[in-house]
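> Requesting a structural model of the entry that follows:
(2 chains)
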Amino acid sequence: GENVEQHPSTLSVQEGDSAVIKCTYSDSASNYFPWYKQELGKRPQLIIDIRSNVGEKKDQRIAVTLNKTAKHFSLHITETQPEDSAVYFCAASRGGLTGGGNKLTFGTGTQLKVEL
Amino acid sequence: DTGVSQNPRHKITKRGQNVTFRCDPISEHNRLYWYRQTLGQGPEFLTYFQNEAQLEKSRLLSDRFSAERPKGSFSTLEIQRTEQGDSAMYLCAIGGSYEQYFGPGTRLTVT
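Alright, predicted model coming up:
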């Protein structure tokens, strides 16, 4: 089955700096890579995702890059703000299957702290 | 609002008791998932429904766990003879072929 590794486990940055979180996956058939943000006591919230036919995707201050050959993908947050402080999870799945589920396999999470 | 509600939000039960959780998608989605999340970990897949059919189950889902989705709308997850190791957040998610959106979860504490 799929195995997703995520680094670092904790990340502390100064407000306004950039933050980068990296994940690797093992299943070469995985083709969908979402990122979730989870604040304490709340649900995981989908913030950005990328499919394997794209190398990079950007949405305002967040971007995700994918290297299929190396089987790794990364989340980039620029101009960090205190409200970006949360746990971030990467995930991978075989998406787009007709009649099949695309169960997500998650990384172990990164606790991001943005300090003033 | 991600279009999914879950009840109850919190459940405290004694070891050996049975518990049932409910997931209600606000709008129609043919795909519904259950995940379990323990403290400090990412969610782990438990089971998946396409409409009313349960198409995949994780080996994490022991025979004490059962899930249903009658009529392809709401879903229930039952745990029989609860154990302390069952203490976790149980998350329901809905989605299409790719994206999944999580409900607020039910936090189970087994004492």
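> Please count neighbours and contacts with C-alpha atoms only from this point.
Fine.
> Tell me where the chain has strands.
Since you didn't name a chain, this refers to chain A. Along chain A, counting by DSSP state E, strands occupy A:4-7, A:10-14, A:19-25, A:32-38, A:45-51, A:56-59, A:62-67, A:72-77, A:86-92, A:105-106, A:110-115.
> look at chain B instead
Secondary structure of chain B, counting by DSSP E: strands at B:4-7, B:10-13, B:19-25, B:31-37, B:44-50, B:53-57, B:65-68, B:75-79, B:88-95, B:100-102, B:106-110.
> before we move on, the earlier item: so can I have TSV of the strands of chain A showing mean neighbour count, distance to B:Pro8 and mean pLDDT?
Output for the strands of chain A, formatted as TSV (neighbours: other Cα atoms under 10 Å in any protein chain shown; distance: least, Cα to Cα, whole Å; pLDDT from 0 to 100):
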stretch	mean neighbour count	distance to B:Pro8	mean pLDDT
strand A:4-7	19	31	97
strand A:10-14	15	32	98
strand A:19-25	21	34	98
strand A:32-38	23	20	97
strand A:45-51	19	20	97
strand A:56-59	14	34	96
strand A:62-67	19	34	97
strand A:72-77	20	33	98
strand A:86-92	26	24	98
strand A:105-106	25	25	97
strand A:110-115	20	27	98
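> Switch those strands over to a markdown table; also include distance to chain B.
Output for the strands of chain A, formatted as a markdown table (distance: least, Cα to the nearest Cα, whole Å):
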| stretch | distance to chain B |
| --- | --- |
| strand A:4-7 | 10 |
| strand A:10-14 | 11 |
| strand A:19-25 | 13 |
| strand A:32-38 | 7 |
| strand A:45-51 | 7 |
| strand A:56-59 | 15 |
| strand A:62-67 | 15 |
| strand A:72-77 | 16 |
| strand A:86-92 | 7 |
| strand A:105-106 | 6 |
| strand A:110-115 | 10 |
